[in-house]
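Peer 1: Here's my sequence, what's the structure:
(chains A and B)
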Amino acid sequence: DTEVTQTPKHLVMGMTNKKSLKCEQHMGHRAMYWYKQKAKKPPELMFVYSYEKLSINESVPSRFSPECPNSSLLNLHLHALQPEDSALYLCASSQGRLERHGYTFGSGTRLTVV
Amino acid sequence: SQQGEEDPQALSIQEGENATMNCSYKTSINNLQWYRQNSGRGLVHLILIRSNEREKHSGRLRVTLDTSKKSSSLLITASRAADTASYFCATDAPTGTASKLTFGTGTRLQVTL
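Peer 2: I've put the predicted structure just below:
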């Protein structure tokens, strides 16, 4: 299995809702990432998990809460989002430090906050 | 924050022509990677070049890296309509605990028949 699977593919949520984005990989990668991408912009790093521990938080607002239950799963819990949080949310995984093969990205969750 | 700038922002060529994209970055890196993205979906890793390498080839792709100028280029030879996509360079910088990939601004490539 050489894929990163993200669910759901599309999500529409109200500003008072709580929802979660899910990401799964079975490549034995020890690092997992959340990126946010607005239209016609490059992806921006949100969080990095290394060996199931949060190692980088790029000053992301607390309404985004990441969770890594095990080495194959990564969640992003969403609560009280704003319309400007609407974007494509991308999950990725990699071997970790001393990269040789690049990151593997999922196809993303397109989030719309209404 | 964005690490790199890419130029051109957009490039339109005919099938069979070569496409060259350039990337500049600001800080020291472990490696530099190039990705392709179709229609705002997931990114596909194309090629990785380490900081101690100067040139790398993969199929129709050729990547160069000049660490003294903090710049890289991606050449796609004999382009095809299927190469139409956005292309991003991304720098992998040392962080101490984990890899951290930061993307450039991207080049939108349009290949016409």
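Peer 1: What count of nearby residues applies to the nearest residue to residue B:25 once chain neighbours are set aside?
Peer 2: In this structure, residue B:25 finds its nearest non-sequential neighbour in residue B:4, 4.2 Å apart by C-beta to C-beta, 6 or more residues apart in numbering or on different chains. No exception for glycine: its C-beta is placed from N, CA and C like everyone else's. Residues lying near residue B:4 (other C-beta atoms under 10 Å in any protein chain shown) number 25.
Peer 1: Endpoints of stretch A:48-56, how far apart?
Peer 2: 5 Å (C-alpha to C-alpha, to the nearest Å).
Peer 1: Please state the offset of it from the chain centre?
Peer 2: Mean-position distance between stretch A:48-56 and its chain equals 12 Å (C-alpha atoms, centre = their mean, to the nearest Å).
Peer 1: Just confirm yes or no for it near chain B.
Peer 2: Yes. Stretch A:48-56 comes into contact with chain B (C-beta under 8 Å from any C-beta of the partner chain), by way of A:48, A:49, A:50, A:55, A:56.
Peer 1: The spatially closest residue to residue B:54 that is not a sequence neighbour: what's it in contact with?
Peer 2: With C-beta to C-beta, 6+ apart as the criterion, residue B:54 has its nearest non-adjacent residue at 6.0 Å, and that residue is residue B:65. Contact analysis of residue B:65 by C-beta atoms under 8 Å, 6 or more residues apart in numbering or on different chains lists B:32, B:49, B:51, B:53, B:54, B:55, B:56, B:71, B:72.
Peer 1: can you do 10 Å?
Peer 2: Residues counted as contacts of residue B:65 (C-beta atoms under 10 Å, 6 or more residues apart in numbering or on different chains) are B:23, B:29, B:31-32, B:49-56, B:71-73.
Peer 1: And residue A:67, by the same measure?
Peer 2: Shown in contact with residue A:67 (C-beta under 10 Å, 6+ apart): A:20, A:22, A:47, A:49, A:54, A:73, A:74, A:75, A:76, A:77.
Peer 1: Could you give the bridge partners of the residue most central in space within chain A?
Peer 2: Here the mean C-alpha position of chain A is nearest to the C-alpha of residue A:34 (C-alpha atoms, centre = their mean), at a distance of 2.9 Å. Per DSSP bridges, the residues bridged to residue A:34 are residue A:47, residue A:91.
Peer 1: Partner strands of the worst-scoring helix or strand of chain A on mean pLDDT, with direction?
Peer 2: Lowest on mean pLDDT, DSSP states H and E among the helices and strands of chain A sits strand A:53-57, with a mean of 91. Strand A:53-57 has the following sheet partners, assigned by DSSP bridges: strand A:44-50 (antiparallel).
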